[in-house]
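Peer 1: 3D, please:
(one chain, ligands or ions: 1)
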Amino acid sequence: MANIPFLDLTQQYKIISPELNARVLEVLGSGSYIGGCMVDDFEQQFADYIDVSHCISCNSGTDALFLALRSLNIGPGDRVITTPFSFFATTEVISAVGATPVFIDIDSQTFNLDIEQLEAAITEKTKAIIPVHLFGQPLDMTRLMTIARQHNLIVIEDCAQATGAEWEGQKVGSIGDMGCFSFFPTKNLGAFGDGGAVTTNNRAIAERVRILKNHGQSAKYHYEHIGINSRLDTIQAAILQIKLPYLDSWNQQRRDLAARYHQFLSRITAIVPPRELAGSKSVWNQYTIRLKSQEVETQVKSCFSNSLRDWVSLQLKNKGIGSMIYYPTPLHLQSVYKSLAHPQLPVVEQVCHQVLSLPMFPELSILQQDQVISALNDCLPVCQDLIAG
Ligand SMILES: *Cc1c(COP(=O)(O)O)cnc(C)c1O
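Peer 2: Model (predicted):
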């Protein structure tokens, strides 16, 4: 039996452990564990990498989004348009500041919000849009920014899964008014704990974020706002400083793996591989296929009582291959949003039953990937047998 994990973070650690261990011990011996030049240096390094003038580090991607909304004074009575297909934090923060999330449906091939539907959702209460570059793939920021500018809306890019991704040669997080990043360990640039950052070219916004992340303190022991305590630990900043120079090569390894998945999986009729838009340079935080075949689906249901997707996921598991479902339930259908009046969103409601994310991390070997591909190849003809039988 194959033993192919969905994700293995230990391999990357092994490769750079001498550098990391030395730097972590340096921090431990320094007596300075909060703030300091390592955090400042990382912020500068990350701002240069994204190509923005300001980077403000914080405790998580969730805090980055929360601080972005707070810095813009978005709150009760305001509406923020976003996607129903994301990690919960994207909409959680909209509700946490007292504003109302407005969901629009997604594009089934890219999994990102469907820009076609954007204008119809805008009202005079709409203040901002939070597009999510889901699974590492940027959405069409040219079109999105054109619509946002026409309607005077602020754009906060949720870049949590897309560190290093580009739209028409520009890094995500540098195109909208603000970018929000997560350094959660499973993201493309992951710390060894929580971490996050806000990027922007707007000096006034950057200053407000800096004040709000530090208890609303404008000068030492002078409080002008109700803020929060949201810091990137020195030890995490030190780790991220070492990892950032490797990010482009790791992202390239992900792109090579994605190209191979695409090459082989597009030949299997029941599989719809993800589509990458021209102009987009995805960094493939996830490689997510759709399992879609009316015929096979009906047959599988009659003897398995679950979706084709669940059946394939089980076949992979039986062969020792990891896979995950991102995301099983769209956000507008979460019980916490029961009371929100929302329209039906037919695309996402169907897609969430079809998606399956396959093993994807830079150190995944060609040999391992071939085993994933042949496992899928083997199990999908079995479906054909099911039909024949
Ligand atoms: C991970 C993630 C977040 C939240 O980041 P944390 O660092 O875990 O708080 C927000 N949005 C998206 C799309 C994410 O994937």
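Peer 1: my guess is Val209 contacts Ser71, does it?
Peer 2: Yes - contact status for Val209 versus Ser71: in contact at 4.7 Å, counting by CB atoms under 8 Å. (Glycine included, C-beta is placed from N, CA and C.)
Peer 1: Would you mind telling me which of the two has more residues around it?
Peer 2: Neighbours per residue, other CB atoms under 10 Å: of Val209 and Ser71, the larger number sits with Val209, 28 against 25.
Peer 1: I believe the more buried one is in a strand; please confirm or correct that.
Peer 2: No - counting by DSSP: H, G, I helix; E, B strand; the rest coil, Val209 is not found in a strand; it is helix.
Peer 1: How confident is the prediction for it, by pLDDT?
Peer 2: Listed pLDDT for Val209 reads 98.
Peer 1: Same question for Pro381.
Peer 2: Note on Pro381: pLDDT of 65.
Peer 1: Over to Val296?
Peer 2: With respect to pLDDT, Val296 scores 70.
Peer 1: Next, it: secondary structure please.
Peer 2: Following three-state DSSP, the label given to Val296 is helix.
Peer 1: I'd guessed it sits against Ser307; true?
Peer 2: No - Val296 lies out of contact with Ser307 (CB under 8 Å); the separation is 10.5 Å.
Peer 1: Settle it for me: which of the two has more neighbours?
Peer 2: Legend: neighbour count by other CB under 10 Å for Val296 and Ser307, higher for Val296 (21 against 16).
Peer 1: Thr298: how many residues sit nearby?
Peer 2: For Thr298, using other CB under 10 Å, the count is 11.
Peer 1: for Gln350, same thing?
Peer 2: Using other CB under 10 Å, Gln350 is surrounded by 12 other residues.
Peer 1: Now the most centrally placed residue in the chain: phi and psi?
Peer 2: Most central in the chain under CA atoms, centre = their mean is Gln161, positioned 2.6 Å from the mean C-alpha point. Dihedral angles of Gln161 (phi, psi; degrees, to the nearest 10) stand at phi -100, psi 10.
Peer 1: show me what contacts it?
Peer 2: Residues in contact with Gln161 (CB atoms under 8 Å, 6 or more residues apart in numbering) are 132-136, 182, 187-188, 285-286.
Peer 1: what's the closest non-adjacent residue to it?
Peer 2: The spatially closest residue to Gln161, leaving aside those adjacent along the chain, is Asn285, at 4.0 Å (CB to CB, 6 or more residues apart in numbering).
Peer 1: in a strand, that's where that neighbour is, yeah?
Peer 2: No - assigned with three-state DSSP, Asn285 falls outside any strand and is coil.
Peer 1: And for it, the neighbour number?
Peer 2: Counted with other CB under 10 Å, the neighbours of Asn285 add up to 26.
Peer 1: what's the distance between it and Leu308?
Peer 2: Asn285 is 24 Å from Leu308, where distance means CB to CB, to the nearest Å.
Peer 1: now Ser339
Peer 2: Separation of Ser339 from Leu308 (CB to CB): 33 Å.
Peer 1: quick one, domains of this structure?
Peer 2: For the chain, automatic domain parsing gives the domain ranges 10-104+112-246, 247-388.
Peer 1: residue contacts, the residue of the chain found nearest the ligand?
Peer 2: Nearest residue of the chain to the ligand: Gly61, at 2.5 Å (CB to the nearest ligand atom). Applying CB under 8 Å, 6+ apart to Gly61 gives the contacts 89, 158, 160, 180-184, 187, 196.
Peer 1: Restricted to helices, list the residues you listed.
Peer 2: Counted as lying in helices by DSSP state H, out of the contacts of Gly61, are Ala89.
Peer 1: closest to Leu28 among the contacts of Gly61?
Peer 2: Nearest to Leu28 among the contacts of Gly61: Phe183, at 19.7 Å, using CB to CB.
Peer 1: Just confirm the closest one contacts Gln241, I think it does.
Peer 2: No - look at Phe183 against Gln241 with CB under 8 Å: they stay out of range, at 11.5 Å.
Peer 1: Contact distance from the ligand - what residues of the stretch 151-300 of the chain qualify?
Peer 2: Listed as neighbours of the ligand in the stretch 151-300 of the chain under the rule CB under 6 Å from any ligand atom: 158, 160-161, 182, 184, 194, 196.
Peer 1: Would you mind listing which of those residues are buried?
Peer 2: Taking 16 or more other CB atoms under 10 Å as the criterion, what is buried in these is 158, 160-161, 182, 184, 194, 196.
Peer 1: now the helices: where do they sit in the stretch 101-250 of the chain?
Peer 2: Secondary structure of the stretch 101-250 of the chain (DSSP state H, counting those that start in this stretch): helices at 141-150, 203-212, 234-243, 247-265.
Peer 1: Any chance you could list what contacts the first one?
Peer 2: So the one you mean is helix 141-150. With contact meaning CB under 8 Å, 6+ apart, helix 141-150 is reached by 115, 118-119, 129, 131, 153-155, 157, 167-168, 170, 172, 175-176, 279.
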